[in-house]
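Q: Sequence and predicted structure, then a few things I'm wondering about:
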Amino acid sequence: MSCSNGITADNLHRLTTVTQRLIASSEKRSMSTLHDHPWDESVTGSPYLRKRERISIYGTEYWDKASEEEIQRLSMEETITWWSAFIHLESLVVEYYMRQLNDGAFNDLPAVIRDYMTHFIKEELVHTLVFKKSITYYGSEIYPMPDFLRSFYDDNAGTGKYPLMAVYLTMVIEWIADQYQRLDVDAEYVHPMAKKVVHEHWKEEMRHIKWGQTMIKNLIHTDSEFKRHAQELTPIYVRQLIDQGVTNIDCFDRVGFADPAFKDTETVLDTVLYSEHRQKLNSDLVTPLLHYFITSEIYDESYRHIWDMHGFGNDLDVLLDKES
Ligand SMILES: [Fe+2]
Ligand SMILES: [Fe+2]
């Protein structure tokens with residue numbers, strides 16, 4: 001059975017059921033700017049905000065060139081740069097989806113989708129406020145918006161009836177960001193506020209990711225141009241996002257390393273991005289995403305060379321071998 005917009009009753013049913021469940025979960029519990037974090041406990045000592053093994057220079061010759069204080073400060077700044085990126089992205093998310101909602105972009109889908117959007121927008125708004133508070137809490141300052149984000153939603157406008165590319169890329173970014181953050185704070189010595197900020201955010205982002213995945217799975221066939229773009233562009237975007245999550249060279253400026261080797265930032269960046277240790281961390285991070293790309297037809301063999309060119313060949317082979 002198919003409706004006039006090419007969406008089957010089965011698609012609508014799945015979309016509605018999952019979305020209703022996500023709304024119910026959001027109404028049961030969602031983040032507060034005031035009540036969910038230990039704001040009143042002040043910072044003492046020199047907190048680590050990122051697990052040592054996940055700090056950019058770990059596993060490279062730069063680790064031994066840095067003092068303990070510099071490493072600790074880098075662990076802070078590399079987390080702050082992530083939180084800054086969230087503030088920038090999620091502000092755009094709020095603005096973009098609010099506009100889509102006002103323009104009626106989802107009007108021919110079940111009303112529950114619009115209801116979900118209002119919950120989603122509220123959550124992202126709270127997130128930006130909480131990340132701002134967290135950066136202030138640690139006495140640091142927000143980093144400027146990365147260039148690629150500036151025109152993100154203009155560059156990825158929809159090709160069909162629904163803004164599927166925006167929904168899709170928002171989901172992919174949320175997913176990579178959450179993989180990073182969750183793994184970054186996964187050590188007993190990571191400061192409790194950083195852990196709380198990440199865990200509370202993660203709980204809500206799980207809903208957003210699930211919704212994005214469900215939208216794509218049930219609507220992908222309505223927009224063949226979107227599907228082809230997603231198949232072709234995903235390896236490029238994912239490579240870019242994973243590499244940008246490792247560090248931000250401005251963090252090195254803020255730490256102000258004493259060893260002159262850190263002055264050559266291009267070499268530092270090349271070394272941390274391509275270290276053997278980093279390849280292992282990247283594999284762990286990207287595996288669940290690759291699994292999703294394969295099962296949702298985003299991965300298509302005719303674009304295999306693009307995946308290989310961007311360094312995903314080995315990880316894909318492992319998953320494809322398992323499935324065959
Ligand atoms: Fe968020
Ligand atoms: Fe989100």
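A: Okay, I see it. Ligands and ions are numbered 1, 2, ... in the order given.

Q: ok, Val94 - how many residues close by?
A: Val94 is flanked by 18 other residues according to other CB atoms under 10 Å. Every C-beta, even on glycine, is put in place using the N, C-alpha and C of the backbone.

Q: before we move on, what about Ser302?
A: Neighbour tally, Ser302, other CB under 10 Å: 9.

Q: same check, this time on Ala85
A: Using other CB under 10 Å, Ala85 has 21 other residues around it.

Q: Val93 now?
A: Val93 - counted by other CB under 10 Å - has 25 other residues nearby.

Q: Okay, and the closest residue to it other than its chain neighbours sits in which element?
A: Nearest residue to Val93, sequence neighbours excluded (CB to CB, 6 or more residues apart in numbering): Glu124, at 5.0 Å. Glu124 belongs to helix 111-137 when assigned by DSSP states H and E.

Q: re the thing from before, please tell me the pLDDT value assigned to the residue nearest to Val93.
A: With respect to pLDDT, Glu124 has a value of 97.

Q: my guess is Tyr137 meets Glu41, correct?
A: No - with contact defined as CB atoms under 8 Å, Tyr137 does not count as touching Glu41 (9.6 Å).

Q: Need the residues touching each of the two.
A: Shared contacts of Tyr137 and Glu41, defined by CB atoms under 8 Å, 6 or more residues apart in numbering, comprise Met193.

Q: Who has more neighbours out of the two?
A: Taking neighbours as other CB under 10 Å, Tyr137 and Glu41 compare with Tyr137 leading, 18 against 10.

Q: Contact partners for the closest residue in space to that one that isn't next to it in sequence?
A: Leaving aside its chain neighbours, Tyr137 sits nearest to Met193 (6.3 Å; criterion: CB to CB, 6+ apart). The contact partners of Met193, taken as CB under 8 Å, 6+ apart, are 37-38, 41, 43, 47, 134, 137-138.

Q: And Tyr237, by the same measure?
A: Contact analysis of Tyr237 by CB under 8 Å, 6+ apart lists 169, 172.

Q: pretty sure Val43 belongs to a helix, no?
A: No - if the criterion is DSSP: H, G, I helix; E, B strand; the rest coil, then Val43 is coil and not within a helix.

Q: so it touches His191, yeah?
A: Yes - counting by CB under 8 Å, His191 is a contact partner of Val43 at 7.3 Å.

Q: ok, back up a step: next, work out how far apart the residue nearest to Val93 and ligand 2 are.
A: Separation of Glu124 from ligand 2 (CB to the ion, to the nearest Å) stands at 6 Å.

Q: Tell me how far Gln279 lies from Gly313.
A: Computed as CB to CB, to the nearest Å, the Gln279 to Gly313 distance reads 12 Å.

Q: how about Ile57, secondary structure?
A: Taking three-state DSSP, the label given to Ile57 is coil.

Q: now the one 3 residues further on
A: Classification of Thr60 using three-state DSSP returns coil.

Q: Contacts only, for it.
A: Contacts of Thr60 (CB under 8 Å, 6+ apart): 271-272, 275, 277.

Q: One more: Asn156?
A: By CB under 8 Å, 6+ apart, the contact list for Asn156 reads 165-166, 169.

Q: Kindly reformat these as a markdown table containing secondary structure.
A: Shown next, in a markdown table, are the contacts of Asn156 (three-state DSSP):
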| residue | secondary structure |
| --- | --- |
| Met165 | helix |
| Ala166 | helix |
| Leu169 | helix |
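
Q: Next, format those as CSV and append pLDDT.
A: Listed next are those as CSV, based on pLDDT from 0 to 100:
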residue, pLDDT
Met165, 92
Ala166, 91
Leu169, 93
